[in-house]
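Visitor: Have a look at this prediction, sequence included:
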Amino acid sequence: MMTKSKPVYLSSREREVFLLITQGCTSHQVSEHLCISKKTVDFHLTRIYKKLGVTCRVQAFAKAVRLGLLSRKP
């Protein structure tokens with residue numbers, strides 16, 4: 001039996017960080033773009049991974065697409 005997963009809520013800052021990460025930016029590049037420390041970017045990524053139930057950027061991207069959080073743009 002398939003269980004329905006609960007909705008994933010990302011804060012506005014988490015969405016900003018995640019969008020830049022999915023566009024190929026490194027944590028350092030995200031930190032420079034958003035004027036925050038790399039440590040803060042990594043904190044947001046850790047929270048994003050936990051909310052999505054994943055352990056890396058590739059898994060996060062795939063799960064976000066499956067959940068409709070991101071569109072599949074070429």
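Guide: Arrived safely. Numbering: from 1, shown residues only.
Visitor: Please identify the helix or strand for the residue positioned nearest the centre of the chain.
Guide: Central residue of the chain (CA atoms, centre = their mean): residue 18, 3.5 Å from the mean position. Per DSSP states H and E, residue 18 falls inside helix 12-22.
Visitor: Buried residues of the helix or strand that that helix is followed by, list them for me.
Guide: Next in sequence after helix 12-22, counting helices and strands by DSSP H and E, comes helix 27-34. Neighbour-count burial for helix 27-34, counted by 16 or more other CB atoms under 10 Å, picks out 27, 30-31, 34. All C-beta atoms are positioned from the backbone trio N, CA, C, and that covers glycine.
Visitor: By neighbour count, which bits of the helix or strand following helix 27-34 are buried? Give me those.
Guide: Tracing the chain C-terminally past helix 27-34 and defining elements by DSSP H and E, one meets helix 38-52 next. Using 16+ other CB under 10 Å as the test for burial, helix 38-52 gives 41, 44-45, 48-49, 52.
Visitor: In a markdown table: the residues you listed, plus pLDDT and distance to residue 68.
Guide: Shown next, in a markdown table, are those (pLDDT from 0 to 100; distance: CB to CB, whole Å):
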| residue | pLDDT | distance to residue 68 |
| --- | --- | --- |
| 41 | 98 | 24 |
| 44 | 97 | 21 |
| 45 | 96 | 20 |
| 48 | 96 | 16 |
| 49 | 96 | 18 |
| 52 | 94 | 13 |
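Visitor: With distance to residue 12 as extra columns, can I get those residues in CSV?
Guide: CSV is the format used below for these (distance: CB to CB, whole Å):
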residue, distance to residue 12
41, 15
44, 11
45, 15
48, 13
49, 18
52, 17
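Visitor: Looking at those, spot the one nearest residue 61.
Guide: The closest of these to residue 61 turns out to be residue 52 (CB to CB; 9.5 Å).
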